[in-house]
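> sequence first, then the predicted structure:
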Amino acid sequence: MRSLSLAICIFLSSSAFASASPSLACEKKWGELEIYGKLLKRYRLRAENFPEGKHFRLYVKWYNGEEAEMLSYSANHKGHLILEMPEKKKDPFYALCPLKRGERIEFFMRSEEDSAVMVHASVVPFPNDLKTPSGIKLSLELQSHAGDRFLLRGEGFQPGETLEVNCQYQTQLTNYATEATADGVIEVPVRLELKENESGEALLILRRPSEKIAFPFQVGEPALEIAGACCLEFR
């Protein structure tokens, strides 16, 4: 199980429109710390437009499906979520979680009255990314605990542009074909066949009519090394 260190509080903002749908956002705070050679990045949750009198519970979810239940809240007449604790705390609380490069962490508020009602926010604190001179932005998200599955995301492509994506690793060569959305975005699941304890560097090559993009990345054990920690502040 993933370890999660807690010391907790909540930051939430008022609703500008009472009829708007509930929303949750994960915002990065200024300033980074370094602890034992690893970066510590600070974030806070912003919640808006939650229905008055309803109760919600905060959960954290990792890429491998693990979840951790954290705290309970109730919504006031302004759409704020108020932390339900036996003793009021003036100082902020924090949740600290170690993360790998390219790992997405998700936060969601689940209604206690209706478990099907959930409001989500997610962030990749330590992205594995690449930006080309032509303005293409690529990122590779970790998708498995073995370091053999990833999700390639890209933006800045022409709407409807067709792309050839090659993944090279040792003697393996896997070809993918994809098409950019109307917003110029692509998503390509990437999977490698690794033997037990196998690791190394792989290479993604994206071929466009105007350019060829090379994106090297680590697979196996190196892909699972801790890049730093996410510190979530609640006020």
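Looks like it came in fine.
> could you list the domains of this structure?
As assigned by automatic domain parsing, the chain contains the domains 5-125+226-234, 129-224.
> reformat those as TSV; add mean pLDDT and mean neighbour count.
The C-beta positions use only the backbone N, C-alpha and C, and glycine is treated the same way. Output for the domains of the chain, formatted as TSV (pLDDT from 0 to 100; neighbours: other C-beta atoms under 10 Å):
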stretch	mean pLDDT	mean neighbour count
domain 5-125+226-234	78	16
domain 129-224	95	15
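> what's the spacing between Leu96 and Gly31?
15 Å (C-beta to C-beta, to the nearest Å).
> ditto for Arg191
From Arg191 to Gly31 the distance is 37 Å (C-beta to C-beta).
> test my guess that Glu48 contacts Glu27.
No: the criterion here is C-beta atoms under 8 Å, and Glu48 misses it with Glu27 at 11.9 Å.
> helix or strand right after the longest strand belonging to the chain?
Ranked by residue count and defined by DSSP state E, the top strand of the chain is strand 23-35. Next in sequence after strand 23-35, counting helices and strands by DSSP states H and E, comes strand 38-48.
> for that next one, packing partners?
Under the contact criterion of 3 or more C-beta pairs under 8 Å, 6 or more residues apart in numbering; DSSP states H and E, strand 38-48 touches strand 23-35, strand 118-123, strand 226-234.
> please name the bridge partners of Glu179.
Under the criterion DSSP bridges, Glu179 forms beta bridges with Thr162.
> before we move on, what about Leu130?
Residues in beta-bridge contact with Leu130 (DSSP bridges): Leu138.
> and Leu204, by the same measure?
Cys167, Phe215.
> that one contacts Val165, doesn't it?
Yes: at 6.4 Å, Leu204 and Val165 qualify as touching, with contact defined as C-beta under 8 Å.
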